[in-house]
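Novice: quick one, structure for this:
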Amino acid sequence: MELTATRLKLLAIIAMTCDHFAYGFLPPDSAANYVLRLIGRLTAPIMAFMLAEGFRYTHSHKRYLFRLLFFAMIAQPFYYVYFYGVPARSIDFLSKWNVLFTLAVSLLMLMVRDSKRMPGAVKGILIGVLLLLAGIGDWSVLIPAWAMVFASDQDWKRKCILFCMVSVPLLILVYLPEYNSLLSFAKMFGVLLALVPLSLYHGKQGAGGWKRFFYWFYPGHIGMMLMLRYMVF
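Specialist: Have a look, this model is predicted:
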């Protein structure tokens with residue numbers, strides 16, 4: 001069985017929808033919430049992988065970056081209100097950004113890494129600054145770390161090993177303080193399951209005509225869930 005890029009993206013948005021629905025509508029201590037949010041852990045690694053693929057094959061890195069930033073700006077009001085409530089101050093609104101912002105920062109890191117105009121020291125400084133910037137985005141430094149792994153020249157087996165070596169300590173460092181039990185935190189390791197569908201990808205694009213759908217789906221589905229939550233609760 002092979003998975004195309006289109007099918008991987010569809011899998012990512014299905015998993016993301018499960019995660020966001022569970023967050024907004026199911027009791028946090030319920031089994032259904034746990035299972036759906038575990039499934040949702042597939043999304044970010046797949047996004048990071050597809051970012052690395054997009055970086056490799058896109059005709060214009062600048063246009064790719066613009067699209068990510070444009071839709072990150074559109075999604076930000078819906079994202080912040082859905083996950084954090086109405087901000088008391090504008091600084092709060094700017095302190096926690098959605099995943100498209102994190103992907104944009106990750107793309108910038110890849111662009112810096114491959115730049116032929118910058119000396120190595122400048123690249124190192126800029127990558128460090130971008131990692132700090134990723135810290136205010138959803139998934140923090142994990143997505144840029146994954147993107148760097150998937151965009152590397154290693155073979156797939158070594159990429160999988162590096163992915164696991166990066167994921168485990170960063171998950172503990174970034175997310176363990178947010179949980180009150182090891183069991184509730186354990187679902188975060190569902191990101192490792194993303195290697196299963198990713199291993200079935202063999203470079204084929206799949207059905208065309210989906211690009212705009214994937215970009216618009218992110219702000220659209222959060223906006224719809226936000227309206228539904230206000231109607232229900």
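Novice: which residues of this protein fall in helices?
Specialist: For the chain, applying DSSP state H gives helices covering 5-25, 31-40, 43-57, 61-84, 90-93, 99-114, 120-134, 142-150, 156-175, 182-186, 195-199, 211-232.
Novice: out of the ones you listed, flag the one nearest Gln205.
Specialist: Nearest to Gln205, of all those, is helix 5-25, at 5.1 Å by C-beta to C-beta. The way it works is simple: take the backbone N, C-alpha and C, and place the C-beta from them, glycine included.
Novice: what is the orientation angle of the closest one with helix 43-57?
Specialist: Interaxial angle of helix 5-25 relative to helix 43-57 (axes from the mean of the first three to the mean of the last three C-alpha atoms, to 10 degrees): 150 degrees.
Novice: what comes up buried for helix 5-25?
Specialist: Buried residues in helix 5-25, defined by neighbour count with 16 or more other C-beta atoms under 10 Å: 5-13, 15-24.
Novice: and stretch 70-89, by the same measure?
Specialist: Burial within stretch 70-89, assessed by neighbour count using 16+ other C-beta under 10 Å, is assigned to 71-72, 74-82.
Novice: closest to Ile172 out of those?
Specialist: For the buried residues of stretch 70-89, the minimum distance to Ile172 (C-beta to C-beta) is 25.0 Å, reached by Tyr79.
Novice: right, and that closest one touches Asn98 too?
Specialist: Yes - using C-beta atoms under 8 Å, Tyr79 makes contact with Asn98 at a distance of 4.0 Å.
Novice: what do those two both touch?
Specialist: Common neighbours of Tyr79 and Asn98 (criterion: C-beta atoms under 8 Å, 6 or more residues apart in numbering): Asp138.
Novice: in the lowest-mean-pLDDT helix or strand in the chain, what counts as buried?
Specialist: Here the helix or strand of the chain ranked lowest by mean pLDDT, DSSP states H and E is helix 90-93, holding a mean of 84. Applying a neighbour-count criterion of 16+ other C-beta under 10 Å, the buried positions in helix 90-93 are Phe93.
Novice: now do that helix: distance to the chain's middle.
Specialist: 21 Å (C-alpha atoms, centre = their mean, to the nearest Å).
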